[in-house]
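*Asks:* Got a sequence here, can you build the structure:
(one chain, ligands or ions: 1)
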Amino acid sequence: MQIKNLQKRFHIGRSQTLHAVDGVSLDIAENSIVGLVGESGSGKSTLGKTLVGLHDKSGGDVYYRGDRLPDRYKSADYRRYSKNIQMIFQDPYASLNPRMTIEEILTEPLRLQHQGDSKSNRELAASWLQKVNLHAAHLGRYPHEFSGGQRQRIGIARALITEPDFVVCDEPISALDVSVQAQVINLLGELQDTMGLTLLFIAHDLSMVRYISDEMVVMYLGSVVEQGPSDDVFFTPKHPYSQALTKANPLADPKQEKQRSHDLIKGEVPSPVNLPPGCRFVGRCPKASERCHSERPLLQPVGRDHLVACHLYD
Ligand code: SF4
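*Replies:* Now for the predicted structure:
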């Protein structure tokens, strides 16, 4: 997947424009897991939804295996691309239709692709339930009969039943209990391995992203501010925002925890409606200089395979 200068804008009211994704460029290699991190409002979910055609693109290009994906999907485009490009949603309660049985939910993507007949699709759905550690006998049940973790596993089976290559995982564990999160992550890791999937894994928990992904991309206010090998970005973050994000994970040692609370960035991600002309992080950055207010930093190499958008590295 090649993403070039992708833009997604929403027009709100007569004269205001919300820049949710503002010029993101990214290459995602086959069979890799790329973790996309950032606070709520950084644009990461909008980016994921734009890649799978759930949002129209406002600008830029996305290529999948060299094929330019449409700016606005029509029904035929969904049929053509959803076999290979799929999405696992954040909320396992809202993403499954409560009126459909698990069999209907799992076989729907196959029916949309005109794949198989009802008998073979039923067998495939049963085998996918087993792959995600549920019982084939549960095909006749409804979503409300399952726990959050089980529903998310059904969501994973639904996304993977057409055997896609590329899957956007949009915060797939954030609505789950901590005890269930590791099970879902390990399941995704195993399936990625056995099916040779390419995953864009969106999350705000950096330690989980570091655990599962090869590369980490940090977004702030619609733009990428840092990207590189996961261990590098996690252990030696270069951008002041990434440094603050890594400090957001609580520490077991009370002394270190006290120091950590001092170092946390204050405030929230500002509105993407009135973007500052210079660095987008300037209002919260402890290292901001005068230049940061007027000049926007570009993403540039800092060390091997590591890119950072910050004037500290010019
Ligand atoms: Fe901070 Fe300036 Fe770097 Fe932006 S460009 S992150 S404001 S030091």
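
*Asks:* make it CA atoms for all contacts and neighbour counts henceforth
*Replies:* Noted.

*Asks:* Would you list the phi and psi of the residue in the stretch 1-150 of the chain that the ligand sits nearest to?
*Replies:* Closest to the ligand within the stretch 1-150 of the chain is residue 38: 14.2 Å, counting by C-alpha to the nearest ligand atom. Note on residue 38: backbone dihedrals following degrees, to the nearest 10 are phi 160, psi 160.

*Asks:* Spatially central residue for this protein, please.
*Replies:* residue 202 (2.4 Å; C-alpha atoms, centre = their mean).

*Asks:* ok, that residue - contacts?
*Replies:* 35, 36, 37, 44, 45, 48, 168, 169, 170, 171, 172 (C-alpha atoms under 8 Å, 6 or more residues apart in numbering).

*Asks:* rerun at 10 Å
*Replies:* By C-alpha atoms under 10 Å, 6 or more residues apart in numbering, the residues touching residue 202 are 34-38, 44-45, 47-48, 90, 168-174, 209, 216-217.

*Asks:* and what of residue 69?
*Replies:* Neighbours of residue 69 in contact, by C-alpha under 10 Å, 6+ apart: 51, 52, 53, 57, 61, 62, 63, 77, 81.

*Asks:* For these, pick the one with the most neighbours.
*Replies:* residue 51 (27 neighbours; other C-alpha atoms under 10 Å).

*Asks:* Residue numbers of the stretch 101-250 of the chain in contact with the ligand?
*Replies:* 239, 240 (C-alpha under 6 Å from any ligand atom).

*Asks:* any weak-confidence spans in the stretch 101-250 of the chain?
*Replies:* Low-confidence segments of the stretch 101-250 of the chain (pLDDT under 70): 249-250.

*Asks:* Could I get the full set of helices for it?
*Replies:* With DSSP state H, counting those that start in this stretch, the ranges of helices along the stretch 101-250 of the chain come out as 102-112, 118-131, 148-160, 178-195, 206-212, 230-235, 240-247.

*Asks:* which ones among the contacts of residue 69 are found in strands?
*Replies:* 61, 62, 63 (DSSP state E).

*Asks:* need those in a markdown table with pLDDT and distance to residue 236, can you?
*Replies:* Formatted as a markdown table, those follow (pLDDT from 0 to 100; distance: C-alpha to C-alpha, whole Å):
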| residue | pLDDT | distance to residue 236 |
| --- | --- | --- |
| 61 | 98 | 31 |
| 62 | 98 | 30 |
| 63 | 97 | 31 |
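
*Asks:* circling back: partner residues bridging the residue nearest to the centre of the chain?
*Replies:* residue 36, residue 170 (DSSP bridges).

*Asks:* roughly how far apart are the residue sitting furthest away from the middle of the chain and residue 107?
*Replies:* No residue in the chain sits farther from the centre than residue 119, which is 34.2 Å out by C-alpha atoms, centre = their mean. Noted for residue 119: a distance of 10 Å to residue 107, by C-alpha to C-alpha, to the nearest Å.

*Asks:* Give the residues shared as contacts by those two.
*Replies:* Joint contacts of residue 119 and residue 107 (C-alpha under 10 Å, 6+ apart) are residue 125.

*Asks:* can you count the residues close to residue 157?
*Replies:* For residue 157, the count of nearby residues is 22 (other C-alpha under 10 Å).

*Asks:* Touching, it and residue 110? I think so.
*Replies:* No - taking C-alpha atoms under 10 Å as the definition, residue 157 is not a contact partner of residue 110, at 12.0 Å.

*Asks:* Can you check which residues contact both of the two?
*Replies:* residue 125.

*Asks:* Quick check, the residue in the stretch 101-250 of the chain closest to the ligand?
*Replies:* residue 240 (5.3 Å).
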